[in-house]
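Chemist: No sequence on hand, only this structure:
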């Protein structure tokens, strides 16, 4: 593979990744996950690193429950 083709392939991978991430952000919003773009990006990186999806979902749900409890207490 030539240097030019490698750069083209890298650019295409980045563009595809951005399209996929934008699509995932849209799905997240439709499902009312409550995850901002930073949190969603972090979750995607954890999944890409091999974290089990159900374990990650359980942790995110627990964090959201704890945040909800703290918001009720602070009012």
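Modeler: Structure received. From a predicted model like this one, the values you see are computed outputs, not experimental measurements.

Chemist: and after the helix-or-strand element of the chain with minimal mean pLDDT, which helix or strand comes next?
Modeler: In the chain, no helix or strand scores lower on mean pLDDT, DSSP states H and E than helix 3-30, which sits at a mean of 82. Sequence-wise, the next helix or strand downstream of helix 3-30 (DSSP states H and E) is helix 37-48.

Chemist: Mind listing what's buried along the least confident helix or strand of the chain?
Modeler: Using 16 or more other C-beta atoms under 10 Å as the burial criterion, the residues of helix 3-30 that qualify are 24-25, 28. No exception for glycine: its C-beta is placed from N, CA and C like everyone else's.

Chemist: now that helix and helix 37-48, what's the angle there?
Modeler: 120 degrees (axes from the mean of the first three to the mean of the last three C-alpha atoms, to 10 degrees).

Chemist: Off-centre distance for helix 3-30?
Modeler: With C-alpha atoms, centre = their mean, to the nearest Å as the basis, helix 3-30 stands 13 Å off its chain's centre.

Chemist: thinking residue 21 is in contact with residue 44, fair?
Modeler: Yes: when contacts are counted by C-beta atoms under 8 Å, residue 21 is listed as touching residue 44 (6.9 Å).

Chemist: How much space separates residue 7 from residue 59?
Modeler: As for residue 7, its distance to residue 59 is 38 Å (criterion: C-beta to C-beta, to the nearest Å).
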